[in-house]
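1. Below: sequence and its predicted model.
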Amino acid sequence: MTNTRMLLAAALCALVATTAQAGDGHRIKGKKLPTLTTVEEVVKYGRDDQYAELVGRFTERFSKEDFRFEDQTGAIVAELDNDEDWNFAKDQLVRILAEVDRDHDKVTIEVLAILPPR
């Protein structure tokens, strides 16, 4: 993992921990958005560029950068930048920090960091 990615992941961890403790997640136009912690929440309520912290497994590889990520509530396509050296095994339980990518009626996530579960 590059130094820039590690710094971004650390900053995102701090942001997610702070917003989770505060219980208000992100704000858009003054409205509080919930902290996203499940795939189901990401699909139903996630806004474009909103952050999520999910615990689950990468169960299938669709392409060089696209994977199926599953938790107990559902599955979503997760994009992993192929320039990074991601360290995980298929079906291994992991915690990911990700950014929601919502385009019209399609929702995916861009993975920013893969961490051990808490």
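-> Okay, I see it.
2. Which residue, other than its chain neighbours, is closest to the residue nearest the centre of the chain?
-> Against the mean C-alpha coordinate of the chain, by CA atoms, centre = their mean, the closest residue is A98 at 2.4 Å. The shortest distance from A98 to any non-neighbouring residue, by CB to CB, 6 or more residues apart in numbering, is to I109 (4.0 Å). Yep, even glycine has a C-beta here, placed from its N, CA and C like the rest.
3. Phi and psi next, for that neighbour.
-> phi -130, psi 150 (degrees, to the nearest 10).
4. Next: V42.
-> phi -60, psi -50.
5. Relative to D83, how far out is it?
-> 24 Å (CB to CB, to the nearest Å).
6. When the two are compared, which one has more neighbours?
-> Using other CB atoms under 10 Å, the more surrounded residue of V42 and D83 is V42, with 26 against 8.
7. roughly how far apart are the more buried one and D85?
-> For V42 relative to D85 (CB to CB), the value is 25 Å.
8. Ok, E60 next?
-> According to CB to CB, E60 and D85 sit 20 Å apart.
9. out of those two, which sits in the more crowded spot?
-> E60 (14 against 8).
10. How about the contacts made by the residue nearest to A98?
-> The neighbours of I109, taking CB atoms under 8 Å, 6 or more residues apart in numbering as the test, are 42, 52, 54, 69, 76-79, 96, 98-101.
11. Next step: those restricted to strands.
-> Under the assignment DSSP state E, those contribute 52, 54, 69, 76-79, 96, 98-101 to strands.
12. Would you mind giving me the ChimeraX syntax to select the buried ones in the residues you listed?
-> Command for ChimeraX that selects the buried part of those, burial taken from 16 or more other CB atoms under 10 Å:
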select :52,54,69,76,77,78,79,96,98,99,100,101
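13. now the ones in strands among the contacts of I109 as TSV including distance to K90 and pLDDT?
-> Listed next are the ones in strands among the contacts of I109 as TSV, based on distance: CB to CB, whole Å; pLDDT from 0 to 100:
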residue	distance to K90	pLDDT
A52	21	95
L54	17	97
F69	11	98
I76	16	98
V77	16	98
A78	13	98
E79	17	97
I96	14	96
A98	18	95
E99	23	94
V100	24	96
D101	23	96
